[in-house]
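Colleague: no letters, just coordinates:
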């Protein structure tokens with residue numbers, strides 16, 4: 001099997017789920033909102049640092065202050081991505097329950113039509 005994704009619709013579904021989760025958290029989860037805001041503030045305050053990290057190949061040299069900012073940013077990012085992963089799971093469970101009910105209804109209708 002090649003490493004390619006053989007399910008053509010999967011990226012679109014994943015994108016939809018990502019969007020649903022992030023939109024929900026942005027509207028309803030105060031801790032997530034605060035973490036995202038804090039990460040944006042670090043990105044804005046240290047825009048030159050993040051630009052260097054993205055564009056310079058190989059090793060870059062950081063000051064102690066830049067290193068601390070980057071470590072803080074990564075810790076915050078890890079925290080809000082953890083919340084996202086938790087909600088991906090919860091949304092998946094909610095979707096699964098709905099999907100299971102739909103399949104049960106369709107199965108029941110099929111059985112009734114066969115009788």
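Modeller: It's in. This structure is a prediction, so every number in the text was calculated from the model and none was measured. Numbers count the residues shown, from 1 in each chain.

Colleague: run the chain-centre distance for the helix or strand of the chain with the lowest mean pLDDT.
Modeller: Of all the helices and strands that make up the chain, helix 10-28 has the lowest average by mean pLDDT, DSSP states H and E, namely a mean of 82. Centre-to-centre, helix 10-28 and its host chain are 7 Å apart (Cα atoms, centre = their mean, to the nearest Å).

Colleague: check stretch 92-107 too.
Modeller: Chain-centre distance of stretch 92-107: 23 Å, with Cα atoms, centre = their mean.

Colleague: outside of the least confident helix or strand of the chain itself, list whatever touches it.
Modeller: The set of residues that contact helix 10-28 without belonging to it, under Cβ atoms under 8 Å, 6 or more residues apart in numbering, is 5, 32-33, 36, 83-84, 87-88, 91-92. For the C-beta atoms, the positions are set from N, CA and C on the backbone; glycine is no exception.

Colleague: just the buried positions in it, please.
Modeller: Judged by neighbour count (16 or more other Cβ atoms under 10 Å), helix 10-28 contains these buried residues: 21, 25.

Colleague: packing partners for the longest helix that the chain contains?
Modeller: Secondary structure assigned by DSSP state H gives helix 64-114 as the longest helix of the chain. Packed against helix 64-114 by the contact rule (3 or more Cβ pairs under 8 Å, 6 or more residues apart in numbering; DSSP states H and E) you find helix 10-28, helix 30-45, helix 47-55.

Colleague: how does it look with 6 Å?
Modeller: Using 3 or more Cβ pairs under 6 Å, 6 or more residues apart in numbering; DSSP states H and E as the contact test, the elements touching helix 64-114 are helix 10-28, helix 30-45.

Colleague: now the angle from the first one to helix 64-114?
Modeller: Taking axes from the mean of the first three to the mean of the last three Cα atoms, to 10 degrees, one finds helix 10-28 and helix 64-114 inclined to each other by 110 degrees.
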